[in-house]
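1. need a 3D model of the following:
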Amino acid sequence: MLSAPVDSAQLKELASKSADLDLCLSVTNLARLSACTYCKAASHDNGEQTELAVKIQFDFGPEEFPRVGLSISGCLSLKCQRCLEPLTWPVQIQTRLTVIDSDVQTELLESPFDSVLIGVDGLNLVNVIEDEILAALPMVPIHSDESPCQPTGGDDGLIIDAELTQRPFADLVSLMGNRKRNTDH
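-> Here you go, the predicted structure:
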């Protein structure tokens, strides 16, 4: 069912039956989400895959439009933007989206922000699921205060040797001073 888009007729049939669908989605099958996750070459060699549990429920909303309920849970490995190491991010999403045929129908909805537009080819459920997960991700993932970033190795303290520090423009002031003196004569 997820491999092909669901058209309006199929969607109405699923909603009339109050159909449920339980599945596991591999993050590797979600290209946009996979690009946001932390991956090391070793994890691909070991065959590690992150899977998310997804439950899809179909029904009709109060406006008699079909709705798609999504429950998504699992964990993703993101890259901490402080230490650049893996960060486990729990995914817990509950949403119900009203499926509409056109933007005009949003005026008929009590909550137009919880809607999704069905395309000419139908509703691609995998894209809808991926969109909801991407929308829930933090803009800047960082380790929390409860599990702070780990040191990345090396010395505990950072010691900077002043003689080794390169300052490419350090002599610029003296050069500019010499040039000014030469033009004054």
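2. which element follows the helix or strand of the chain with the lowest mean pLDDT toward the C-terminus?
-> Ranked by mean pLDDT, DSSP states H and E, the helix or strand of the chain with the weakest confidence is helix 41-45, at a mean of 41. Moving toward the C-terminus from helix 41-45, the next helix or strand (DSSP states H and E) is strand 51-60.
3. what sits up against that following strand?
-> 11, 14-27, 66-74, 76, 91, 125, 129, 133 (CB atoms under 8 Å, 6 or more residues apart in numbering). (Each C-beta comes from the backbone N, C-alpha and C, glycine too.)
4. switch the cut-off to 6 Å
-> Outside strand 51-60, the residues within contact range by CB atoms under 6 Å, 6 or more residues apart in numbering are 14-15, 18-26, 66-67, 69, 71-74, 129.
5. kindly report the same for stretch 114-123.
-> 5-7, 97-101, 109, 128.
6. which of those residues scores worst on pLDDT?
-> Confidence by pLDDT is poorest for Leu109 among the contacts of stretch 114-123, given 81.
7. if I look at it, how far off is Glu64?
-> According to CB to CB, to the nearest Å, Leu109 and Glu64 sit 11 Å apart.
8. comparing these two, which shows the higher neighbour count?
-> The neighbour comparison of Leu109 against Glu64 (other CB atoms under 10 Å) goes to Leu109, with 16 against 9.
9. and that one, what are its phi and psi?
-> In terms of degrees, to the nearest 10, the main-chain angles of Leu109 are phi -90, psi 140.
10. re the thing from before, from the contacts of stretch 114-123, which land in helices?
-> Val128 (DSSP state H).
11. only whichever of the contacts of strand 51-60 are buried, select them in ChimeraX.
-> Buried residues among the contacts of strand 51-60 (16 or more other CB atoms under 10 Å), as a ChimeraX selection:
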select :14,15,25,66,67,72,74,129
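12. so of the contacts of strand 51-60, which ones are in helices?
-> 14-15, 129.
13. which one of those residues is nearest Leu172?
-> Ile129 (56.0 Å; CB to CB).
14. quick check, nearest of the ones in helices among the contacts of strand 51-60 to Ile142?
-> Distances from Ile142 to those, taken by CB to CB, are shortest for Ile129, at 25.5 Å.
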